[in-house]
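>>> How does the following fold in three dimensions:
(2 chains)
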2 protein chains.
Amino acid sequence: MPSEFDLIRRFFVRPTRQTLLGAGDDGALIAPTPGCELVISTDLLVEGTHFLSDTAPFDLGWKTLAVNVSDMAAMGAMPRWAMLAAALPAPASDGLKPFDWLDAFSRGFFACADAFKIDLIGGDTTRGPRAFCVTIMGEVPRGKALLRSGARVGDSIWISGTPGRAALGLAHLQSRASLTEPQLGQCLAALHRPQPRVALGLALRGLASAAIDVSDGLLADLVHILTASHCAAKLHIPHLPPAGLARDCYLSGGDDYELIFTLPATHHPFMATLAVELDLPLTCIGVITPNTSGTPGTFVLHDDQGLPITPARHGFDHFL
Amino acid sequence: MPSEFDLIRRFFVRPTRQTLLGAGDDGALIAPTPGCELVISTDLLVEGTHFLSDTAPFDLGWKTLAVNVSDMAAMGAMPRWAMLAAALPAPASDGLKPFDWLDAFSRGFFACADAFKIDLIGGDTTRGPRAFCVTIMGEVPRGKALLRSGARVGDSIWISGTPGRAALGLAHLQSRASLTEPQLGQCLAALHRPQPRVALGLALRGLASAAIDVSDGLLADLVHILTASHCAAKLHIPHLPPAGLARDCYLSGGDDYELIFTLPATHHPFMATLAVELDLPLTCIGVITPNTSGTPGTFVLHDDQGLPITPARHGFDHFL
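A predicted model of the protein is given here:
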């Protein structure tokens, strides 16, 4: 008789399209593309820390993979293969609901996998407090990966899309904000079904000098580029929302998975066309400056009148 | 001020030796060896399911990586890179012990990494019930991986080392067995510091027709080979312990990480020399037969008098 976990595994085994050997042996087998480097990233999502027990399982399945796909986008890599390890609590006594939950979770996971042509090639399933660990692998032509450390003085700083939406959506759900109907739809979509910017990451190969995805907040993640690149920044953000929750979310809201990137001046002219091609706003928000302060990751931020602003906080830390 | 998790990450960042870019960006970068396939495996270890809260952290660190290295051995792959994701509970109020614990855990983890020349290239750290997810990557020349599905009728079946020791050691700790001093040393070593059979796996490339590592128990893991290879087996194990705990542990004890492999008759003569070279017993325990029963993974097991034995159970399932 198949065990509960044999049954569970069936939700996660689907035919692979770019894999020599998928789940079912001691390891999966892949053939890396000659001339490419492999990019690998891993994320562990724990119930109560990264998601709530009442999160819709389809959304959670999508997001569990999407946050990893976003790491590939930020490296300029084409996502290709993923492993999924899951810890699952004992089923409730009726014995049925966990399968419904897993069915929806796996449909969300594979919806994201299909959208980005990723093979799920293996994993692990075990008993424990609910948690999911995805390891993702992607490919990038040799030497073409986008790193955090490549920003240079004089490069401009860009952001894709509209950061802050996921945080605003969360604020609405927590009754800390009241959004209009159309706003709410956009913000909940950003929160529940983030769209990793893979096409943008691929287009930025050979153009951007540095990139990172916004998982902790625009300012917090920009600081990671500034620190890794040993430089500072002067920010002047067009249409920055007025002081208040909307501004805080824009500057410091996590979970958006937009890309921040830096660009040498010679490449600016490409951005208008790229934004149209990708149907994605690309906004210049500042410039890289020398770091003269001695403190890593320093920046100054100006409002529309050119006056300096001090943000309430830089970003969200899951660990604090 | 560095956060608690910044401090924790310091235990896990060490210089890499075969990696283009290690921890600290959105992903790690590696250059796969031309002509090789990549083998990937992942394991999630959860406190209370796979280890107890009082497990010595150095041993746990070793074992967390070693069980993954063993998957590479079973595929005939050279282990090369690992990612580690960790969920960790909030520190106790004294604020010191968790760092001691993590210091010992990381020393155990890197002891294993150094023994097998593996680079830790990244990971994730988060708050949650204690759990560790390792993803390991290794390399094998194109077409040379050892699969579970390659056993053929007439191949002999082999086991490395002395399976059952880890289970006997656990039985002793749980007061279900009383071992002599030298036995106890061997059994606790097998339980706490399993030695993945990487050198054996590499030597078996081109010789073995199938392989698997013993994580669930000799019989349970043999059944995986039989099922994947669509065949059956006739087992006659030399020096099988008499009926009782020692026999049960030999046949069904998990956590040993020895290799079971199958071998075409023409390659038998190499095993005696290989056992000497590797200083590791290699024992022929049976032969692959056609599966005429219709039930996948059928086998018959005989005692020293040639009489059939029915084992109490096949193996240990973490999930039940």
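>>> if I pick residue A:168, what's in contact with it?
A:177, A:179, A:183, A:187, A:245, A:246, A:249, A:253 (CB atoms under 8 Å, 6 or more residues apart in numbering or on different chains). Where you see a C-beta, it was placed from the backbone N, CA and C, and this is true even at glycine.
>>> Please confirm that it is located within a helix.
Yes - assigned with DSSP: H, G, I helix; E, B strand; the rest coil, residue A:168 falls within a helix.
>>> how far away is it from residue B:201?
As judged by CB to CB, to the nearest Å, residue A:168 and residue B:201 stand 52 Å apart.
>>> One more: residue A:238?
Distance from residue A:238 to residue B:201, by CB to CB: 58 Å.
>>> One more: residue A:67?
Residue A:67 is 34 Å from residue B:201, by CB to CB.
>>> got it, and residue A:90?
Counting by CB to CB - residue A:90 and residue B:201 are separated by 35 Å.
>>> Do the helix or strand harbouring residue A:60 and chain B come into contact?
Residue A:60 belongs to helix A:57-74 when assigned by DSSP states H and E. Yes - with CB under 8 Å from any CB of the partner chain as the measure, helix A:57-74 is seen reaching chain B through A:71, A:72, A:74.
>>> out of these, who has the most neighbours?
In terms of neighbours by other CB atoms under 10 Å in any protein chain shown, those top out with residue A:74 at 35 neighbours.
>>> wait, doesn't that residue sit right on residue A:214?
No - using CB atoms under 8 Å, residue A:74 is not in contact with residue A:214, being 9.1 Å away.
>>> which residues touch the residue lying closest to residue A:293 once chain neighbours are set aside?
Excluding the flanking residues, the one nearest residue A:293 by CB to CB, 6 or more residues apart in numbering or on different chains is residue A:232, at 6.7 Å. By CB under 8 Å, 6+ apart, the contact set of residue A:232 is A:226, A:288, A:289, A:290, A:291, A:292, A:293, A:297, A:298, A:299, A:300.
>>> in the sheet, who's paired with residue A:232?
Residue A:232 forms beta bridges with residue A:289, as assigned by DSSP bridges.
>>> so how far is chain B from it?
Distance, residue A:232 to chain B, by CB to the nearest CB, to the nearest Å: 19 Å.
>>> Tell me the first helix or strand C-terminal of whatever helix or strand residue A:101 lives in.
Taking DSSP H and E as the criterion, residue A:101 maps to helix A:97-115. The helix or strand immediately downstream of helix A:97-115 is strand A:119-127, counting by DSSP H and E.
>>> Check whether that following strand comes near chain B.
Yes - counting by CB under 8 Å from any CB, contacts between strand A:119-127 and chain B involve A:121, A:122, A:123, A:124, A:125, A:126, A:127.
>>> Quick check: of these, which has the highest neighbour count?
Most surrounded of the residues of strand A:119-127 next to chain B: other CB under 10 Å gives residue A:122, at 29 neighbours.
>>> Would you map the strands across chain A?
A:28-30, A:36-46, A:78-88, A:119-127, A:131-141, A:156-160, A:210-213, A:232-236, A:259-263, A:282-289, A:299-302, A:308-309 (DSSP state E).
>>> tell me what the last one is packed against?
In this structure, strand A:308-309 makes packing contacts with strand A:299-302, judged by 3 or more CB pairs under 8 Å, 6 or more residues apart in numbering or on different chains; DSSP states H and E.
>>> if we go to 10 Å?
With contacts taken as 3 or more CB pairs under 10 Å, 6 or more residues apart in numbering or on different chains; DSSP states H and E, strand A:308-309 sits against strand A:232-236, strand A:299-302.
>>> Save those strands as a markdown table, and put in mean pLDDT and distance to residue A:28 too.
Shown next, in a markdown table, are the helices and strands packed on strand A:308-309 (pLDDT from 0 to 100; distance: least, CB to CB, whole Å):
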| stretch | mean pLDDT | distance to residue A:28 |
| --- | --- | --- |
| strand A:232-236 | 95 | 41 |
| strand A:299-302 | 90 | 42 |
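>>> which residues does residue A:50 contact?
A:43-44, A:60, A:63-64, A:67, A:131-132, A:255, A:318, B:126-128 (CB atoms under 10 Å, 6 or more residues apart in numbering or on different chains).
>>> Equivalent analysis for residue A:253, please.
Residues in contact with residue A:253 (CB under 10 Å, 6+ apart) are A:163-171, A:187, A:190-191, A:214, A:216-218, A:220, A:245-246, A:315-316.
>>> Return the members of the residues you listed classed as buried.
Neighbour-count burial (16 or more other CB atoms under 10 Å in any protein chain shown) is assigned, among the contacts of residue A:253, to A:163-171, A:187, A:190-191, A:214, A:216-218, A:220, A:246, A:315-316.
>>> tell me how far stretch A:217-231 is from the chain's mean position?
Counting by CA atoms, centre = their mean, to the nearest Å, stretch A:217-231 is centred 16 Å from the centre of its parent chain.
>>> again, but for stretch A:29-42
Distance, stretch centre to chain centre, for stretch A:29-42: 20 Å (CA atoms, centre = their mean).
>>> now swap in stretch A:48-59 and tell me
Relative to its parent chain, stretch A:48-59 has a centroid offset of 17 Å by CA atoms, centre = their mean.
>>> Could I get the average pLDDT for it?
The pLDDT scores in stretch A:48-59 average 90.
>>> Give me the buried positions along that stretch.
Of the residues in stretch A:48-59, A:49, A:50, A:51, A:57, A:58, A:59 count as buried by neighbour count, 16+ other CB under 10 Å.
>>> which residues are there in the stretch 101-250 of chain A that come within reach of chain B?
Residues of the stretch 101-250 of chain A lying close to chain B by CB under 10 Å from any CB of the partner chain are A:121-140, A:142-143, A:145-149, A:201, A:210-213, A:215, A:221, A:224, A:227-228.
>>> which ones are touching residue A:106?
The neighbours of residue A:106, taking CB under 10 Å, 6+ apart as the test, are A:8, A:10-14, A:57-58, A:61, A:84, A:86, A:113, A:120.
>>> repeat that for 6 Å
A:11, A:12 (CB atoms under 6 Å, 6 or more residues apart in numbering or on different chains).
>>> ditto for residue A:231
Counting by CB under 6 Å, 6+ apart, residue A:231 has contacts A:151, A:153, A:288, A:291.
>>> same thing with residue A:307?
Neighbour list for residue A:307: empty [criterion: CB under 6 Å, 6+ apart].
>>> gap between residue A:59 and residue A:67?
Distance of residue A:59 to residue A:67, given as CB to CB: 12 Å.
>>> My error: substitute residue A:253 in the last question.
Taking CB to CB, one finds residue A:253 at 15 Å from residue A:67.
>>> what's the domain layout of chain A?
Using automatic domain parsing, the domain parsing of chain A gives A:4-141, A:148-302.
>>> what's the span of the longest one, first residue to last?
Yep, that's domain A:148-302 we're talking about. Distance across domain A:148-302, first residue to last, is 24 Å (CA to CA, to the nearest Å).
>>> Also stretch A:43-62?
Terminal residues of stretch A:43-62 lie 14 Å apart, using CA to CA.
>>> now swap in stretch A:135-148 and tell me
Span of stretch A:135-148 from end to end, CA to CA: 20 Å.
>>> residue ranges with poor pLDDT in chain A?
The model of chain A has pLDDT under 70 over residues A:1-2, A:92-98, A:313-320.
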